[in-house]
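S.K.: I'll drop the sequence and a predicted model, then ask my questions.
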Amino acid sequence: CLATLIIMLVGDTYTLINYVSFINYLCYGVTIMGLIVLRWRKPKIFRPIKVNLLIPITYLAFWAFLLAFSLYSEPVVCGVGLIIILTGVPVFFLGVYWRNKPKCVNRLIESMTCWGQKLCFVVYPQCGSVEEE
């Protein structure tokens, strides 16, 4: 979010759209690759929707072409997009990977989570709610 705000203040919206579209397509491709890897490594797990593998493989072929073309035609935009993605690595290590955090850090993360949920009207469903009883 901080990188996006800085880009919005310094640059123009068209550039931000280019960065975000590259990031989105990169994430879509990685997600489809994950689908194929899971189908290969864990074929027995439950899947609500199961499609023929030809569909994700065809999608990945087009995805690779579009991503390679983007990297060739606009390498600076793609590089900045990758840098924006990599800004999440320290957040991952501080929030997820670091298991033995001090209590003050845990309280800060919990309050930020609660604040974000209230701001975006997002709450996990609770088990055994009052309406069900």
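M.R.: Thanks, I have it.

S.K.: Checking the residue nearest to V77 when sequence neighbours are not counted next. Helix, strand or coil?
M.R.: Leaving aside its sequence neighbours, V77 sits nearest to N18 (CB to CB, 6 or more residues apart in numbering; 4.7 Å). In this view, the C-beta of every residue, glycine as well, is placed from N, C-alpha and C. Counting by DSSP: H, G, I helix; E, B strand; the rest coil, the backbone at N18 sits in helix.

S.K.: how near is the most centrally placed residue in the chain to I55?
M.R.: Among the residues of the chain, the one closest to the centroid is C27, at 6.4 Å (CA atoms, centre = their mean). Per CB to CB, to the nearest Å, C27 is found 18 Å from I55.

S.K.: Kindly report the same for F121.
M.R.: Taken as CB to CB, the span from F121 to I55 is 34 Å.

S.K.: what does P43 give?
M.R.: Taking CB to CB, one finds P43 at 17 Å from I55.

S.K.: Those two: which has the busier surroundings?
M.R.: Neighbour count, other CB atoms under 10 Å: between P43 and I55, I55 has more, with 11 against 8.
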